[in-house]
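Chemist: Model the following, please.
(one chain, ligands or ions: 1)
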Amino acid sequence: MIHEILPVGMLQCNCSVFGDEATREAMVVDPGDDIDAILAILQRHALRVTAIVITHAHIDHIGGAAKLKAATGAPVYMNPNDHELQRMMPIQAAWLGTETPEPVDIDQPAKDGDTLTIGAAEVHVLHTPGHTQGSISLWMPSENKLVAGDTLFRGSIGRTDLPGGDSHQILRSIHEKLLALPDDAIVIPGHGENTTIAREKRTNPFLAGM
Ligand SMILES: [Zn+2]
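Modeler: Numbers count the residues shown, from 1 in each chain. Predicted structure coming up:
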């Protein structure tokens with residue numbers, strides 16, 4: 001599996017491009033900005049996007065989705081519980097002092113237990129609310145990789161002080177859905193460096209005693 005991680009936009013959201021070597025199908029997760037750079041990666045690997053997945057509707061994760069959808073024709077997946085947050089995009093843009101990005105129509109709901117595919121590889125949708133009500137994480141068993149959005153970071157967890165945030169709920173999501181994954185699973189957070197489930201169990205101060 002081809003996998004490139006590209007930090008995009010002013011908040012350096014980790015956009016992931018996954019591509020299947022056999023079918024050249026690709027999934028792009030969180031195209032927050034810098035769509036030209038994402039398109040260049042797709043072109044370099046001769047990949048065709050079959051799914052655009054949004055881990056949650058914060059502007060730094062969803063901001064470029066309309067542009068990427070227009071360029072590729074691929075359907076956009078997001079959890080319906082974040083539709084309200086998506087409608088707040090002008091407010092989110094004001095928080096950052098940026099322009100409101102072009103709104104994107106969500107084509108498919110991404111709900112807990114759903115399975116997407118990239119070639120033969122399965123991508124399992126885990127609903128992990130707490131950072132936002134519609135936050136999802138993506139578990140790829142064949143790659144032993146978890147794309148965690150802003151739910152779990154290396155040494156930290158997602159903030160819960162924004163609209164839709166819930167500090168008890170995010171801990172429950174991490175405990176029940178993420179820490180249940182294999183210890184050696186690689187975690188790709190929404191910002192910053194990769195980690196593993198084992199490392200976070202051992203050293204993440206927010207998860208002490210879990
Ligand atoms: Zn966020």
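
Chemist: got a pLDDT number for residue 209?
Modeler: At residue 209, the predicted lDDT confidence score is 67.

Chemist: what's the helix or strand for the residue minimising distance to the centre of the chain?
Modeler: The C-alpha lying nearest the average C-alpha coordinate of the chain belongs to residue 55 (CA atoms, centre = their mean; 3.4 Å). Per DSSP states H and E: residue 55 is located in neither a helix nor a strand.

Chemist: Backbone dihedrals for it, both of them.
Modeler: Backbone torsions of residue 55, given as degrees, to the nearest 10, read phi -70, psi -30.

Chemist: I figured it hits residue 28, correct?
Modeler: No: under the criterion of CB atoms under 8 Å, residue 55 is not in contact with residue 28, lying 11.6 Å apart. Quick note: C-beta positions are derived from backbone N, CA and C, even for glycine.

Chemist: And for the longest helix anywhere in the chain, what's in contact with it?
Modeler: As assigned by DSSP state H, the longest helix anywhere in the chain is helix 35-44. Contacts with helix 35-44, where a contact means CB atoms under 8 Å, 6 or more residues apart in numbering, come from 4, 6, 8, 15, 17, 19, 26, 28, 31, 47-49, 64, 67-68, 71-72.

Chemist: The ion contacts on this structure?
Modeler: Residues of the chain lying close to the ion (CB under 5 Å from the ion) are 58, 150.

Chemist: Under the pLDDT cut-off, which ranges of the chain? List them.
Modeler: Low-confidence segments of the chain (pLDDT under 70): 209-210.

Chemist: list the contacts for residue 92?
Modeler: 58-59, 85.
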